[in-house]
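[1] below is the structure, and that's it, no one-letter string:
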C-alpha cells in the first residue's frame, strides 16, 4: 500500500510539472519583452526537467520508462491538476498562474526535502533551489505590475479571480493522504495549502490587488483522479507528435 501511495504522489507532482512546463514553453518567441520570452522558456525547461526526475523515480518503482510515461498516456491517465492544463491566454493570465503555482511548489518541495522516503527527499533537495528563482521572478513581476497602471491592475485582478478556484484544485487530497502523512512521506495537502495562502497573501498585500475569499470559491477538483478539461488531450497530442512518428527510434 505504501508503494502505491508513493507512486500516486510522484505522478501528480511529475504530471503538474510536465504539463505546465509545456504550457510555459508556448511563450517562446511570443513573450511581451525579450527578457520574459527567455525567462518563461527557461522556466519551462526547468519544469520539464523536474518532471523527468520524478518520472525516473516512478521507473525505479516499476513504472514504464519516463518517455513512455510522458508521451504514451491518454488524458484520463494523467494526474495533473486542471490548473496546469488551461491555455495560456494573455500574459497576465500566465503571470498569475506562475505566481500561484510556483509559490505552492516551493512549499511542496521544501516539505518533500525532509520526506521519510529518501529518493524523494534527495530529488526535492536538489531541485528546490531552482524553484526559489521561479518564485522570485513571479513575486517581483506581481509586485511591479500589481501596483502600476489601472489597466495592469484590472487585468491581473480578473485573472486572479478566474484562476483562484483552479489553483485550489492543486491541493486536491489523495486517497492515500493519511498514509502519506502517517509515514512521514508527505505532510498532506491541507498543510501545504495553509502555508501557501499565507505566503501569497503577504505578496498580494504589497500590491493594489485583492486575494479572493476562498471560503466562497468551490475548488476545481478532478484532475488528480484523471478528470480533465477539454484542453488537455489536444496538448498531449501535440506533445507526442514527434515520438509517434517512430516510437522505436533512438534520439
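    It's in. Note that the structure is a prediction, hence the values are computed from the model and not measured.
[2] flag every buried residue along the helix or strand containing residue 124.
    Secondary structure assigned from DSSP states H and E places residue 124 in helix 118-145. Judged by neighbour count using 16 or more other Cβ atoms under 10 Å, the buried positions of helix 118-145 are 119-121, 123-124, 127-128, 131, 134-135, 137-139, 141-143, 145. No exception for glycine: its C-beta is placed from N, CA and C like everyone else's.
[3] so where's the stretch 1-150 of the chain uncertain?
    Scanning the stretch 1-150 of the chain for pLDDT under 70 picks out 1, 27-35, 37.
[4] if you set the cut-off to 80 instead, what comes out?
    Residue ranges of the stretch 1-150 of the chain with pLDDT under 80: 1, 27-40.
[5] and the helices in it, which stretches?
    2-25, 34-60, 66-71, 82-85, 91-112, 118-145, 150-168 (DSSP state H, counting those that start in this stretch).
[6] tell me which of the ones you listed is the most buried.
    helix 82-85 (a mean of 25; mean count of other Cβ atoms under 10 Å).
[7] what about that helix, distance to the chain center?
    8 Å (Cα atoms, centre = their mean, to the nearest Å).
[8] now do it: everything it contacts.
    Residues outside helix 82-85 that contact it (Cβ atoms under 8 Å, 6 or more residues apart in numbering): 15-16, 19-20, 23, 97, 100-101, 163, 166-167, 169-170, 220, 222-223, 228-229, 231-232, 235.
[9] at 6 Å instead, please
    For helix 82-85, the surrounding residues in contact (Cβ atoms under 6 Å, 6 or more residues apart in numbering) are 16, 19, 20, 166, 167, 169, 170, 220, 223, 229, 231, 232.
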